[in-house]
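>>> Provided below are the primary sequence and the corresponding predicted coordinates.
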Amino acid sequence: MMVATCVVRIFQFPLNNWLNAISDEAIVQKYYSKGFKMPKIVEQQKNTTKHVHNRMKHKDLRPGEYSTGPDGARIPLPFWKTVDKSHTNHSRKIILLGLLGTGSRYLAGYFHCAGVATSHSTCRTGWKDSHFNCGACVEDNVRNGSQPFQNCGTYDVWGQLGYLEVNKNATTRKVKGKIIPELHIPQLEYIEQLVKIDNVSFVLTQRYSATVWATAIMDKYALHQSFINSDIPDFPRGKGINIEELVEFYRAYKAKVISIVGRKNLIILNTDKHNIAKDMRNRFGIKEKCWGSKIEVGKNVYKNKPQEKFSISSGGTRMSLPFDSSNPSPPVLKLPTPVISLGFPKTGTTSIFHYFHCGKFPSSHYRCANKLSSKKAGRFRCGDCVQNNIGNGNPMFKSCGSFDVWAEINSSNIYDKVPTIFLPQVEHLNAIHENYPNATFVLTKRDPEEWISSVMNWHKLHQLFINTNITGLPAGSGKTSDELQKFLKGHMYRIREFVRRHPSHTLIEVDINDKNVGNILEDAFGIDAKCWSQSNVGSYHVGAGLGTGTVGMKI
């Protein structure tokens, strides 16, 4: 029987862990470490990774044999599966001190690609154990007088420690009715305890400039709101609204890290540098192609991995759109995306949302998010994101999510002293055209009397219309049915005229009282007409895939 030769690359984690990993049968050559040099390649003539492969097969790897990525992803180290004769020049454990938004995910992917057990944001004490925020573990340990990383898992590189927390009542805040995740930066709050750890090196990731970092934070709506509304050391709640305050915080943080850690034990990496991969190879001895990798959820390492598609309902439920050989992705819509609903609330926008989601196109309705998750963290009102982008001069949907269909983009500010409603489909048509000149518009409509009755009986919606100074409905107007009906008809007229003046757009009018509306939509977009009936009287998705749940007319 022929026995294949296997070459195993060894990295600096405890010798006992390594011996266990390659099994009792391993023929181990001299194991040594000198300065920052890593152990040499170990060659042996037997299948030394047999037990590791068996544990991978049964999904039960030992600590030190995997990395953990965002949302608790367990990712086997790639060197158990491929022969790689490269080795690193760095023997100490590494703690990343960089802020969120400075490229920490690339650093984590870089070391994982080289076969080094790495954590990024989340940790596990064992393969089958629940995941948790690494930063929260560090915080609890320091508060209890323990070593910072005690019982936080077995890793050689501790990636991003900063995290957003929404589960604890003490750290979850509501600002004007919006749940704002609390931002924790333990590498800032407990840096003096971290520097006392023996035999570690610290890495400070940074961007090309403070302004580049601050701009990137402001472009990420949810993260920016957390910076503003969190109580961060040296950065009190309420600061960070403008770019100058974020720049000041970034520079102060960098100065503090250098002062406390000292340059001798601190590696500063500019992740925007054009030759960063070469610098990293010279510094750590890891192949250049590993730079640019990311630790992604549920996979090993991907470069430019496409974002998983999903829809999100007005209640904030995120619904996966998984595509595979048995569930192929849909054909391209007949009309250009994005598809933007310009109808008012209570005109059938929810039915539009369910129609496109049933057709397997990522859609949002009132709520938005940038990634698929079952947690409340990361979801926000689309209208708030749109309003923030307009105020900052950004494209309207920047960092609001990757959706083909935007079924309702308005938002209500019911917690203001005078509650109002924000209607970009009225006030910012020109911005929509400038940002998305080929967008397809959907104008939902219904019998005016039915719409008025619905508005007057839907929570505080009627009062919001009265309070807000809207084009076509000045503040104080809208108290009577006649005023609301005139406003509704005026809006429909303005939309038609706008599209007539801007023929790059296609306008599809949807009368939800029309029994033939499903066929009209199928002719326009190519999605089966049954999806319309499904959103009205059938079942709709509430989990992953298309589940069941009887609903009536969705407006």
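Looks like it came in fine.
>>> Where does the nearest residue to L521 once chain neighbours are set aside sit, in terms of helix or strand?
Distances taken as CB to CB, 6 or more residues apart in numbering place W532 nearest to L521, at 5.9 Å, with adjacent residues excluded. Just so you know, the C-beta spots here come from the backbone N, C-alpha and C atoms, and that holds for glycine as well. Taking DSSP states H and E as the definition, one finds W532 inside helix 530-537.
>>> what mean pLDDT does that helix have?
In this model, helix 530-537 carries a mean pLDDT of 64.
>>> before we move on, what about stretch 370-387?
Per-residue scores along stretch 370-387 average to 82.
>>> Now the terminal residues of that stretch, how far apart.
In stretch 370-387, first residue to last residue: 17 Å (CA to CA, to the nearest Å).
>>> Need the residues that contact that stretch.
Here stretch 370-387 makes contact (CB atoms under 8 Å, 6 or more residues apart in numbering) with 71, 164-167, 178-179, 181, 220-222, 225, 307-308, 310, 312, 316, 318, 320, 364, 366-369, 396-397, 399-402, 406, 408-412, 422, 424, 428.
>>> List the buried residues of it.
370-372, 377-387 (16 or more other CB atoms under 10 Å).
>>> what about the stretch 301-450 of the chain, any weak spots by pLDDT?
301-307, 324-325, 374-377 (pLDDT under 70).
>>> Do you have the strands of it handy? List them.
Taking DSSP state E, counting those that start in this stretch, the strands of the stretch 301-450 of the chain run over residues 301-302, 310-312, 318-320, 339-341, 363-364, 367-369, 379-381, 405-406, 411-413, 420-422, 440-445.
>>> Figure out which of those strands is closest to E509.
strand 440-445 (4.8 Å; CB to CB).
>>> can you give me the offset of that closest one from its chain's centre?
Strand 440-445 sits 29 Å away from the centroid of its parent chain (CA atoms, centre = their mean, to the nearest Å).
>>> From the contact counts, what lies against that strand?
Judged by 3 or more CB pairs under 8 Å, 6 or more residues apart in numbering; DSSP states H and E, strand 440-445 is in contact with strand 339-341, helix 349-358, helix 481-501, strand 506-511.
>>> Tell me which of the ones you listed sits most buried.
The highest average neighbour count among the helices and strands packed on strand 440-445, using mean count of other CB atoms under 10 Å, belongs to helix 349-358 at a mean of 27.
>>> what inclination does it have with respect to strand 440-445?
Relative orientation of helix 349-358 and strand 440-445, computed by axes from the mean of the first three to the mean of the last three CA atoms, to 10 degrees: 140 degrees.
>>> angle of helix 349-358 against strand 506-511?
Using the same axes, to 10 degrees, helix 349-358 lies at 120 degrees relative to strand 506-511.
>>> what packs against helix 349-358?
Partner elements for helix 349-358 (3+ CB pairs under 8 Å, 6+ apart): strand 310-312, strand 339-341, strand 363-364, strand 405-406, strand 440-445, helix 530-537.
>>> Work out the gap between it and the centre of the chain.
Computed by CA atoms, centre = their mean, the chain-centroid distance of helix 349-358 equals 23 Å.
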